[in-house]
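Here's a sequence, model it:
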Amino acid sequence: MQPDLKNTRSVLFVCLGNICRSPLAEGVFRAQLRDSGLQDHITVDSAGTGTWHVDCPPDPRSIETANIHGLDITAQRGRQVAPEDFDNFDLILAMDRSNFATLTARAPSSARKKIFLFMDITLGQEVDVPDPYYDDDGFKNVYRMLREGSSALLRSLSGDDGSLRGNPSSTT
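Numbering: from 1, shown residues only. Model prediction:
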């Protein structure tokens, strides 16, 4: 079953600590929404499955990567996925299979149909967005993946290319 894109009004990006991948994904997608004039139509946020970085700013390397591409993510603060997120967001995108498994385990059964692996749902690639925390050079690759995936997500949500690909958590 595919998500109901015509009624998608909110997207949550999720990684492990909410300091590397998901804040960068949030920043990339917000900029694309703004550039397309859709910033007032879709709510965007990010969170982590863990608590290690609650209230912390994004990793300096994520901030630097964002800045290189004209994005400012310095106001973001880490937070953990909350139970109400499963009700409040229409689409929940996990950066990797571990985040996906954690989210589906925590989600009420009615919300599992909202959870997808980011690269699978956006580009039809069953691959993880790798955690660049221990690899300074990995941030460039992560940015590229997030930009390409977010562009596909925006096209899908705005109806420019049909529907998203991938499988919802209820069938995996």
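
Which SSE is immediately downstream of whichever strand or helix holds Arg61?
Taking DSSP states H and E as the definition, Arg61 sits inside helix 60-68. Remark: after helix 60-68, the chain's next helix or strand is helix 85-88, criterion DSSP H and E.

what pairs with the helix or strand that that following helix is followed by, and is each one parallel or antiparallel?
Towards the C-terminus, the helix or strand next in line after helix 85-88, according to DSSP H and E, is strand 91-94. Its sheet considered, strand 91-94 pairs with strand 10-15 (parallel), strand 115-117 (parallel) by DSSP bridges.

outside of the helix or strand following strand 91-94, which residues touch it?
Tracing the chain past strand 91-94, the next element assigned as helix or strand by DSSP H and E is helix 97-106. When contacts are taken as C-beta atoms under 8 Å, 6 or more residues apart in numbering, the neighbours of helix 97-106 outside the stretch itself are 14-16, 49, 81, 83, 86, 92, 94, 112, 115-117, 128, 169. Any C-beta I mention is one placed from the backbone N, CA and C, and that applies to glycine too.

ok, now stretch 74-87?
12, 14, 17-19, 23, 26-27, 46-51, 53-58, 63, 92, 103, 106-108, 111, 114.

Can I get the buried part of those residues as one ChimeraX selection?
For anyone working in ChimeraX, the buried entries among these, judged by 16 or more other C-beta atoms under 10 Å, can be selected with:
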select :12,14,17,18,19,23,26,27,46,47,48,49,50,53,57,58,63,92,103,106,107,111,114
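
From the contacts of stretch 74-87, which land in strands?
Assignment to strands by DSSP state E places the following of those there: Leu12, Val14, Ser46, Ala47, Gly48, Ile92.
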